[in-house]
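Student: sequence first, then the predicted structure, then my questions.
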Amino acid sequence: MENIDISNIIDTYVLPWGINTALAITIIFIGLFVVKLITRLVTRLLNKTDMDAILVNFITSILRTLLLLFVVIAAMDQLGVNTTSLVALIGAAGLAIGLALQGSLQNFASGVMLIIFRPFDAGDFIEAAEISGVVERISIFSTTLRTGDNREVIVPNGSIYSGVITNYSARETRRIDMVIGIGYESDIRLARDTLRSIIDADERILDDPETLIAVSELADNSVNFVVRPWVKASDYWPVKFDLNENIKLAFDDKGISIPYPQMEIHVQKLAS
């Protein structure tokens, strides 16, 4: 029976494996330190750009994951593992996951665009994806809106970014567009003066831009006035509701008729 050469085994297998293992562990420890240093530096640089905290955290998380993956592959390569096949496997898995999560990836991409370009902020009243409400939260995959009747609606970011976004809070002022019809038998001058006095009496209506009051149409059943006052965005609905009530009361007091749809029925008796 042949004697086993222990020293040869140690020199051939144990020692190289031990060295490679020690180097792999060293790569991992140094890699973790470098990853932590890089992510901390990137976070600090992104925070100086006033970028949204959600996006900063997400970018640094992706960067940390990629760097850690690189460190693990480097350590495995030091141990003699065929990392080429591993990289190919990771790429194929990433492609399969990407195809399976197309909708989620679209929502993610849209969320990133919403956070970067900021068409609206938390607290703004918007209309998007056929939903109107106050923005509660903007996350990577969805946006939470609070409707006027206090419902919480979670809308995918892809639906928001791919459509028209109306931000009613983006400007400090808004214009109220009203169409007021009076009967043909009513005095146009009296109606205009009455509308002007109602506008002038409301202190919430801005002087600049000036309120437009004009005859817009001689319709089939009415003479239509356009009334377009400017108000602060926060006063839009209260002023509009009050104007509707005040105009009706003032017109009633001054005998100005507001026409409404009517049907006339003519009955003809036939001779017996």
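Tutor: In hand now; what should we look at? Computed from a predicted model, the values in this text were never measured in an experiment. Numbers count the residues shown, from 1 in each chain.
Student: need the next SSE after the lowest-mean-pLDDT helix or strand in the chain, C-terminal direction.
Tutor: The helix or strand of the chain with the poorest confidence is helix 6-9; it has a mean of 63 (mean pLDDT, DSSP states H and E). Next along the chain after helix 6-9, taking DSSP states H and E as the criterion, comes helix 15-48.
Student: just how off-centre is that following helix within its chain?
Tutor: 37 Å (Cα atoms, centre = their mean, to the nearest Å).
Student: can you tell me the average pLDDT over it?
Tutor: Per-residue pLDDT over helix 15-48 has a mean of 85.
Student: for it, buried residues please.
Tutor: Neighbour-count burial for helix 15-48, counted by 16 or more other Cβ atoms under 10 Å, picks out 24, 27-28, 31, 35, 39, 43, 46. Yep, even glycine has a C-beta here, placed from its N, CA and C like the rest.
Student: swap in stretch 119-130?
Tutor: Neighbour-count burial for stretch 119-130 flags 120, 124-126, 128-129 (criterion: 16+ other Cβ under 10 Å).
Student: and the buried residues of helix 15-48 as CSV, adding distance to Ile198?
Tutor: Formatted as CSV, those follow (distance: Cβ to Cβ, whole Å):
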residue, distance to Ile198
Ala24, 82
Ile27, 79
Ile28, 77
Gly31, 73
Val35, 68
Thr39, 62
Thr43, 57
Leu46, 53
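Student: for Ile213, state which of the residues you listed is nearest.
Tutor: Nearest to Ile213 among the buried residues of helix 15-48, counting by Cβ to Cβ, is Leu46 at 51.8 Å.
Student: am I right that that closest one is in contact with Asn57?
Tutor: No - applying Cβ atoms under 8 Å as the test, Leu46 and Asn57 come out as separate, 9.5 Å apart.
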